[in-house]
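Undergrad: Dropping the sequence and predicted coords here.
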Amino acid sequence: MASLQDLIVSASLNLLSTTENTGSYGYLWYDSTNNVLKYSAYVPLGTWSAGTALPGARYLHAGVGTPTAGLIFGGIPVSNCTLEYNSSAWSAGGNMSTGRCNLAGAGTQNAGLAFGGLTPATVTCTEEYNGSNWASGGNLGTARRCLAGAGTPDAELAIGGAASPGAASTATEEYNGVTETWASGGNLGTGRFYLAGAGTQNAGLAFGGLSPTVLTCTEEYDGSTWSTGGALSVATHEHGGAGQKHAALSFGGRSPGIPTSVTEKYVNETSVWYADSSMITGRSLFAGLGCQSAALAAGGSTGALVACTEEYCYNGTYIRSGWSAGGALSTARGRLAGAGTQNAGLAFGGYNPTFSCTEEYDGSTWTAGGALITARYYLAGAGTQNAALAFGGYFPAFSCTEEYDGSSWAAGGALITARLVLGGAGTQNAGLAFGGGTPTAVACTEEYNGSTWSTSSPGLGTARCGLAGAGTQNAGLAFGRNSFPYADTEEYNGATWASGGNLTTGRFYLAGAGTQNAGLAFGGQAPSCSCFSCTEEYDGSTWAAGGALIAARTILAGAGTQNAGLAFGGGTPGACTEEYSPIVITFTRTV
């Protein structure tokens, strides 16, 4: 279901005064009887198509990843076998140390997690996959089988399951991939097994299952507590799940005792499951993976074991916001800083090697601006294209500040604490510098008045570097860092910092834009050094998933607002620029 905002920005929307009527994508009308504005939208159908069959039939296995980089493991008859999928062929991966079935998984093809299951004893063991081999991880607190998994690398969820036949569990456990330990999370409202899961550790989804009857109920997780979501249209168990809390997919399974091909998609904003195109082959106990717009079902049982693979494609997914390609930087670089807006951006400093160069963006093209007086990288920025601020950086840790007037840089007042990989926000005459490294992580915060920096005490609640920032001098936002737990957010009121909502995906060397109540976080990297494309939007208390960057990258720069963001540089290093804005993807009308 498209949101009201999506419908308003759709050029094809029919806005009618008092009559309900259909448009090409949806409809919006005024209900004069109840004195309210109402809206609706069509939800397009996806398509299932045959993929490459597994080398051999199997069931009761688990899967993670995407249809272009998928991973399945465990199951029957070969309980330690791992297979990798590249969208056209299956190939052998490293064998699991503990062969098992009825297990769960989460993560990606190169950072997968397998946990729980049956050996035939119900087990607690966890294994981590690095793209070629499995290694032991921390044990679950509660031995379970027929459970569900969700989450991202280093931050997974183990949901429900059964400790013994028919003993439905409410247990939820959260995995810390850095410390390799499981910790108890909030209990499910309804204990169940043979359920499906989706989402992340701080934004999870559990749906369907047995308890011991077949269920339709859905529950949503916020990182500590489960709450009731919308019910599945068809009671289902032994099914596949994929996607995110706000955009999930349920497919196949048994309903109640017969293999089904039913597919449903979930929209968290409306808490409604919508019927979608059926699978080619109804089945249960298969491996399901992917996202709402691109999923995979491999193997399973129709009553007999099967090897068939099916791929799901949904080209009409509505996305509230997304990235599109902009003009490339003239000088490829990472570890740079940015300021300004999407149509008037500024990029300065960086490394490839150390740079003093400045570039100005007009919404389509970057052109040369005046060079920094001091060449540096790992610096921070604030302000606008014609009134920018550059401060801190490396090498060594710099205290120097420079002010840009739209054509040249001039010396400003020096930071009190010289540092690098710090956060910045505000304007040229009201700047904010926080965190960073000396090289030891620091918490100190400084405010700039247009000529000098002064210390704000106390500083950040947690010393950190490799963070990102957004907002103003009196309403700042700091998020991410290069130390555990990587995801925490702090809000500044002009005098003190207070805890905000955690990022869904903890990371560092990311970029930020926007304000304290409408922030944007994008890119960055994990402790494993893998780069992220994920984007998150902040509403003043909670981070929610936005559209992913086209190019996953770290040590990039950002500028603009939540609805008009700009991402540039970073990577290997790279020159690519991307622009963020609300979009509505054209729907195929289905009545």
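TA: Here it is on my side, so go on. Quick caveat: nothing in here was measured; it's all calculated off a predicted structure.

Undergrad: where along the protein do the helices fall?
TA: 4-9 (DSSP state H).

Undergrad: show me where pLDDT drops low in it?
TA: By pLDDT under 70, the weakly predicted segments of the chain are 1-44, 268-270, 315-321, 582-591.

Undergrad: how does it look with 50?
TA: 1-30, 37-42, 317-320, 583-591 (pLDDT under 50).

Undergrad: Tell me how many other residues surround residue 244.
TA: 21 (other Cβ atoms under 10 Å). Where C-beta positions appear, they are placed from N, C-alpha and C, glycine not excepted.

Undergrad: One more: residue 130?
TA: Count around residue 130 with other Cβ under 10 Å applied: 12.

Undergrad: And residue 230, by the same measure?
TA: Other residues lying near residue 230 total 18 when counted by other Cβ under 10 Å.

Undergrad: Excluding sequence neighbours, find me the nearest residue to it.
TA: Distances taken as Cβ to Cβ, 6 or more residues apart in numbering place residue 271 nearest to residue 230, at 3.8 Å, with adjacent residues excluded.

Undergrad: what does residue 327 give?
TA: Spatial nearest neighbour of residue 327, excluding adjacent residues (Cβ to Cβ, 6+ apart): residue 365 at 4.6 Å.

Undergrad: for residue 458, same thing?
TA: Computed as Cβ to Cβ, 6+ apart, the closest residue to residue 458 that is not its neighbour in sequence is residue 496, at 6.4 Å.

Undergrad: For the residue nearest to residue 327, give its distance to residue 359.
TA: For residue 365, the distance to residue 359 equals 10 Å [Cβ to Cβ, to the nearest Å].

Undergrad: what's the answer for residue 127, then?
TA: Relative to residue 359, and taking Cβ to Cβ, residue 127 is found at 47 Å.

Undergrad: Ok, residue 493 next?
TA: Taken as Cβ to Cβ, the span from residue 493 to residue 359 is 34 Å.

Undergrad: Those two: which is more packed in?
TA: More crowded of residue 493 and residue 359, by other Cβ under 10 Å: residue 359, with 24 against 11.

Undergrad: in the sheet, who's paired with that one?
TA: residue 347, residue 368 (DSSP bridges).

Undergrad: residues in contact with it?
TA: The contact partners of residue 359, by Cβ atoms under 8 Å, 6 or more residues apart in numbering, come to 329, 330, 331, 346, 347, 348, 366, 367, 368, 369.

Undergrad: from what I can see the fifth one touches residue 568, true?
TA: Yes - with contact defined as Cβ atoms under 8 Å, residue 347 counts as touching residue 568 (5.6 Å).

Undergrad: contacting residues for the nearest residue to residue 279 once chain neighbours are set aside?
TA: Excluding the flanking residues, the one nearest residue 279 by Cβ to Cβ, 6+ apart is residue 261, at 4.0 Å. Contacts for residue 261 (Cβ under 8 Å, 6+ apart) come out as 252, 278, 279, 280, 281, 282, 283.

Undergrad: what's around the fifth one, how many residues?
TA: The local packing count at residue 281 equals 18, with neighbours defined by other Cβ under 10 Å.

Undergrad: burial measure for the residue nearest to residue 458, as a count.
TA: Applying other Cβ under 10 Å, I find that residue 496 has 15 neighbouring residues.

Undergrad: That one and residue 434, how far apart?
TA: 12 Å.

Undergrad: ok, and the closest non-adjacent residue to residue 95?
TA: Nearest residue to residue 95 in three dimensions, chain neighbours excluded: residue 80, at 4.6 Å (Cβ to Cβ, 6+ apart).

Undergrad: Now do the contacts for the residue nearest to residue 230.
TA: Listed by Cβ under 8 Å, 6+ apart, the contact partners of residue 271 are 218, 229, 230.

Undergrad: show me what contacts the first one?
TA: Put plainly, it is residue 218. 205, 206, 207, 208, 228, 229, 230, 231, 232, 266, 271, 273.

Undergrad: ok now do the spatially closest residue to residue 192 that is not a sequence neighbour, which residues does it touch?
TA: Using Cβ to Cβ, 6+ apart and skipping the chain neighbours, the partner closest in space to residue 192 is residue 209 (3.4 Å). Shown in contact with residue 209 (Cβ under 8 Å, 6+ apart): 148, 160, 168, 192, 193, 194, 195, 196, 215, 237.

Undergrad: Show me what residue 445 is bridged to.
TA: residue 434, residue 456.

Undergrad: Tell me how many other residues crowd it.
TA: When neighbours are defined as other Cβ under 10 Å, residue 445 has 26 of them.

Undergrad: Quickly note the distance from it to residue 381.
TA: Applying Cβ to Cβ, the value for residue 445 to residue 381 is 16 Å.

Undergrad: Got phi/psi on the closest residue to residue 442 other than its chain neighbours?
TA: Residue nearest to residue 442 in three dimensions, not counting chain neighbours: residue 463, with 5.4 Å by Cβ to Cβ, 6+ apart. Torsion angles at residue 463 (phi, psi; degrees, to the nearest 10) stand at phi -60, psi 130.

Undergrad: my read: residue 463 touches residue 438, true?
TA: No - taking contacts as Cβ under 8 Å, residue 463 lies outside contact range of residue 438: 10.0 Å.

Undergrad: Quick one: residues contacting residue 109.
TA: Taking Cβ under 8 Å, 6+ apart, we find residue 109 in contact with 64, 65, 66, 69, 70, 71, 84, 129, 131.

Undergrad: which one of those residues has the most neighbours?
TA: Of the contacts of residue 109, residue 64 is surrounded by the most neighbours, 29 neighbours in total, counting by other Cβ under 10 Å.

Undergrad: Break down the stretch 451-591 of the chain into its strands, ranges please.
TA: For the stretch 451-591 of the chain, the strands defined by DSSP state E, counting those that start in this stretch cover 453-456, 468-471, 476-479, 489-492, 497-499, 511-514, 519-522, 535-538, 543-545, 557-560, 565-568, 577-582.

Undergrad: can you tell which of these is closest to residue 394?
TA: Residue 394 lies closest, by Cβ to Cβ, to one member of those: strand 557-560, at 14.9 Å.

Undergrad: ok, and what's touching the closest one?
TA: Contacts to strand 557-560, defined as Cβ under 8 Å, 6+ apart, come from residues 336-342, 345-347, 381, 468, 511-514, 520, 522-523, 565-570, 580.

Undergrad: can you give me how far it is from the chain middle?
TA: 18 Å (Cα atoms, centre = their mean, to the nearest Å).

Undergrad: hey, C-alpha coordinates of it in CSV?
TA: The C-alpha coordinates for strand 557-560 follow below in CSV (Å, rounded to 0.1, in the frame of the first residue of the first chain):
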residue,chain,number,x,y,z
ALA,A,557,30.7,12.5,2.4
GLY,A,558,27.1,13.8,2.5
ALA,A,559,25.1,17.0,2.4
GLY,A,560,21.5,18.2,2.0
